[in-house]
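> quick one, fold the following:
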Amino acid sequence: MSGSIASYDQLVRQVEALKKENSHLRRELEDNSNHLSKLENETSDMKEVLKHLQGKLEQEARVMVSSGQTEVLDQLKALQMDITSLYNLKFAPDVMSTGRVAEESPPGPAAHPGELGRATFRMLEELDRER
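Below is the predicted model:
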């Protein structure tokens, strides 16, 4: 009889441990979902900034072509390709291969999309000022 009571108590402890783990996993899932939403919003914001900048670049390109400044236009095209390549290298493989950001990747200076967008935006602003 005491053996069955001990096994019942053990089962109760296991159920409690599983309930705690379940609660922990639910919180983690909610946190991940919130983080994903934040990343999606930042990505959307970055796309809007890039669309705006692309419009400005296209407008400048038309002006440069009409004035014969094709060398600068080629540099701008290269810059646009570099930015697109950087974005694709940093974000697209992680999202496409796993459906989410890889957890194994070590955080680096451009680990957060918002930081990359701000850095890109600053570089493009500097180029605009130099022009």
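
> could you give me the average pLDDT of stretch 76-86?
Mean pLDDT, stretch 76-86: 74.

> quick check: buried residues in it?
In terms of neighbour count (16 or more other Cβ atoms under 10 Å), stretch 76-86 has its buried residues at 76, 80, 83. C-betas here are computed from N, CA, C, even on glycine.

> low-scoring stretches of this protein, by residue?
Along the chain, the model assigns pLDDT under 70 to residues 1-2, 73, 89-122, 128, 130-131.

> give me the number of residues near residue 46?
Neighbourhood size, residue 46 [other Cβ atoms under 10 Å]: 19.

> what's the next secondary structure element after the longest helix seen in the chain?
Assignment by DSSP state H gives helix 2-67 as the longest helix of the chain. Once the chain leaves helix 2-67, the next helix or strand it forms, by DSSP states H and E, is helix 70-90.

> what is the neighbour count of residue 64?
18.

> hmm, it is touching residue 74, no?
No - counting by Cβ atoms under 8 Å, residue 74 is not a contact partner of residue 64; they are 9.9 Å apart.

> circling back: save the buried residues of stretch 76-86 as CSV, and put in distance to residue 13 too.
Shown next, in CSV, are the buried residues of stretch 76-86 (distance: Cβ to Cβ, whole Å):
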residue, distance to residue 13
76, 66
80, 61
83, 56
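
> quick one: which of those is nearest to residue 28?
The shortest approach to residue 28 among these belongs to residue 83, at 33.8 Å (Cβ to Cβ).

> measure the closest one to residue 26 for me?
39 Å (Cβ to Cβ, to the nearest Å).

> same question for residue 78.
Using Cβ to Cβ, residue 78 is found at 48 Å from residue 26.

> how much space between residue 56 and residue 50?
Counting by Cβ to Cβ, the gap from residue 56 to residue 50 is 11 Å.

> and those two? which has more neighbours close in?
residue 50 (19 against 12).

> contact partners for residue 25?
By Cβ atoms under 8 Å, 6 or more residues apart in numbering, residue 25 lies in contact with nothing.

> alright, that wraps it up for me.
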